[in-house]
Structure formats: C-alpha cells, structure tokens
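**Student:** Fold the following.
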Amino acid sequence: MKVRVATGTAIHLGLRKGKLPSRPTTAHLLTPGKCTFDCAYCTKARSSASNPDFMCRITWPAHSEPHVWDALEETSSAFTRICIQVVNGPGCFETAKRWAREAKSRCDLPVSVEARVNRPSDVAELLREGADCVGLPLDVASERLHPVLRGGRLDEALELTLSSADSFPGRVSTHIIVGLGETDEEMVDVSRRVLEKDIPLALFAFTPCKGTRLENIDPPSLKRFRKIQLATHLIAEDASTRLEYDRAGGLILPSIEDDDLISMMGEALLTRGCEGCNRPFYNERPGCTPYNYPETLTEEQIAEEMRVIRS
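**Tutor:** Model (predicted):
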C-alpha cells in the first residue's frame, strides 16, 4: 500500500527534494483513495474532479509504506507529532488503526488520527490501537449549511465530538473552516461549545481548490479570520467571555488596548489544534501572509497585523 505524505513532511523525511521556508513540526500522512463523502470544499470528495495528488492546496505524493516508516524512524526527533489523516474510503478504518500501531512501534512521538467516524466506540478503538488523540472534524459551523456542504447534521457531529471528549478527556480534538458561508455568530457559537469542553480547536481558512464544487468561491478576508481567531482565543482564555454582533451577525470585538492586543496576538494568531502542530502553508502559498502563523510573529508581522485588525 502507498502512503500519501504532505510535501513539507516528505522533504523533511528526505523522500523528496526541496526547500522549506517554514519547517513542519508534525509529520502528516494521508490514507489513499477517494472519499465516500461528498464535501463541497474537499479535493478528495466523491464528485471532486481535483488532481488526486492534492489535499486542499497541498500535494501529497505517494510513497511506499516501508520507505515512509523507515524514514520516520530515522528522523522522528525532528518532529513533535505524527498526524494520520483518513480519507473515508473502503478499508480506511483498518488502515488507520494499522498505521497508528506501526507509527507507535517506530518512534515515541504522539500520534493523532483525523477521521470522520460515527460512534464513540470508533474513537475508543482508534485510541486502543495506538492513537494518542482522535480528531473529529466539524468543518462547517452552520446548521443551515452543514447538510448542503458536508452532509449530515451539525448537531449530531457536535454531539459526537462533545460526548467523545467527555469519555476520553484530553484525547479528542476538532477543527472548523472559516469562510464557508457561515455567520460570525454561528462560528463563535460552535467554537464556544467546543472550547467550553477544553477540546483543542483548529481554525482553517476556506481555500478554493480546482475541481471542487466551491472552486469559484473566495476565501475569507484576513481581517475576518483575525476577528475569529481573537474571539476564540478570548473564549479559550475565559469561557464566560460574551461577544456582541451587528444586525448581520457580524462579530464586534470588545475594546482592547493596543498593548493587550499585541500581547494577545502572539498566541491567538499562531496555528492551533493538536499540541505541537504548526501546519505551514496549508491555506496559503509561501510568501503570502499566513492565516495561521506557523512560528512566533516578528515585530514587523505584529505591526502589520495591528494595521489589519484596526482597519
């Protein structure tokens, strides 16, 4: 069987030549094949006409399993985590379990498995087989849009995430995508329910990908993404934080002094999710301002972000 390896990870493992403007701290692996689900934004969706080498905007070249595991064993000290992302095709669950076992047998790194499963017992099984954390993606933070863009109901996906986190504290994470047509209020409400349970929450920016149903939709503005990052940071720090919205559901951030905002940005704008994961360039090309910063912001970057947020 082949293992798809994110380009940055493949370079870092020595499986592919190239330069890395920012080093990925997590080794990202992907199960092969096409998905049985049909998410409107995903290159792996059932009806997607995207190049099969792509997952979002990143290429994931396929390599033989022995080469990948050997390379991981030799270079594991260069990573802080292994993340196995599961494309929901035939046999994917068994593959994810086998890969989790193999990863744990090759190195001491924590292993995350990101999978769209249906039952808490599936989560339990993945944890039993070697995963340290199971990511249960929510993707679409809107009851209105979830059935249309992802399939299924948001309340059911959210309930699975929350109940799994109750059953396995500290071993469940999730993510949502900003820019799929949800309102700020919908985005913050879902984030709050997740963060109140101390579930690590990763924010992704919607990225239009060729061959998907949403390929012609614009990504979210940087200013809106920053507002969501700051709002979720405030809630993560204090779940009782109350936020206000305008008539269109647009988020109104509380008044924050410049010094406090600068201090807050140092953490709020960094990549969040599983501990030790920085995911450079997942939503943007090298050279562009990142939606999520993979490394500590420089003084110049903080000054520019202040301009964006205060504009």
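**Student:** any idea how far Leu270 lies from Pro294?
**Tutor:** Look at Leu270 and Pro294: by CB to CB, to the nearest Å, they are 8 Å apart. C-beta: built from backbone N, CA, C; applies to glycine.
**Student:** Helix or strand next in line after the top strand by length along the chain, which one?
**Tutor:** Of all the segments assigned as strand in the chain under DSSP state E, the longest by residue count is strand 172-178. Per DSSP states H and E, strand 172-178 leads on to helix 184-195 as the next helix or strand towards the C-terminus.
**Student:** Just the angle for the next helix or strand after that following helix relative to helix 184-195, thanks.
**Tutor:** Toward the C-terminus, helix 184-195 is succeeded by strand 201-205 as the next helix or strand (DSSP H and E). Between strand 201-205 and helix 184-195, the angle comes out at 150 degrees (axes from the mean of the first three to the mean of the last three CA atoms, to 10 degrees).
**Student:** other SSEs contacting the helix or strand just after strand 201-205?
**Tutor:** Going down the chain from strand 201-205, the next helix or strand is helix 222-237, by DSSP H and E. On a contact count with 3 or more CB pairs under 8 Å, 6 or more residues apart in numbering; DSSP states H and E, helix 222-237 meets strand 172-178, helix 184-195, strand 201-205, strand 251-252, helix 258-268, helix 299-310.
**Student:** any idea of the mean pLDDT for the longest strand of the chain?
**Tutor:** The pLDDT scores in strand 172-178 average 98.
**Student:** Now for Leu270 and Pro294: what residues contact both?
**Tutor:** Asn278 (CB atoms under 8 Å, 6 or more residues apart in numbering).
**Student:** Just the residues contacting the longest strand of the chain, thanks.
**Tutor:** 41, 112, 123, 133-141, 161, 164-165, 187, 190-191, 194, 199-206, 220, 224-225, 228, 273-274.
**Student:** now do stretch 261-268
**Tutor:** With contacts defined as CB under 8 Å, 6+ apart, stretch 261-268 is touched by Gln229, Leu230, Thr232, His233, Leu234, Ile256, Thr296, Leu297, Ile302, Glu305, Met306, Ile309.
**Student:** Look up the pLDDT of the fifth one for me, please.
**Tutor:** By that I understand Leu234. 95.
**Student:** Same check on Asp218?
**Tutor:** The model's pLDDT for Asp218 equals 97.
**Student:** Pull the contacting residues for it.
**Tutor:** Counting by CB under 8 Å, 6+ apart, Asp218 makes contact with Gly179, Pro208.
**Student:** And for Leu270?
**Tutor:** Counting by CB under 8 Å, 6+ apart, Leu270 has contacts Asn278, Asn292, Tyr293, Pro294, Glu295, Thr296, Leu297.
**Student:** The first one and Ala45, how far apart?
**Tutor:** Relative to Ala45, Asn278 is positioned 26 Å away (criterion: CB to CB).
**Student:** for the protein, what are the low-confidence residue spans?
**Tutor:** Within the chain, no stretch has pLDDT under 70.
**Student:** Return the residues in contact with the residue nearest to Arg279 when sequence neighbours are not counted.
**Tutor:** Of all residues not flanking Arg279 in the chain, Thr271 sits nearest, at 5.3 Å (CB to CB, 6 or more residues apart in numbering). For Thr271, the contact set (CB under 8 Å, 6+ apart) comprises Ala202, Cys277, Asn278, Arg279, Pro280, Asn292, Tyr293, Pro294.
**Student:** Quick check: of the residues you listed, which has the highest neighbour count?
**Tutor:** Taking other CB atoms under 10 Å as the neighbour criterion, Arg279 ranks highest of the contacts of Thr271 with 24 neighbours.
**Student:** What separation do you get for it and Asn51?
**Tutor:** Relative to Asn51, and taking CB to CB, Arg279 is found at 20 Å.
**Student:** Around the closest residue to Ala165 other than its chain neighbours, count how many other residues there are.
**Tutor:** Distances taken as CB to CB, 6+ apart place Val172 nearest to Ala165, at 4.3 Å, with adjacent residues excluded. Other residues near Val172 come to 26 when the count uses other CB under 10 Å.
**Student:** beta partners for Val172?
**Tutor:** Judged by DSSP bridges, the bridge partners of Val172 are Val134.
**Student:** Distance check, it against Gly211.
**Tutor:** 31 Å.
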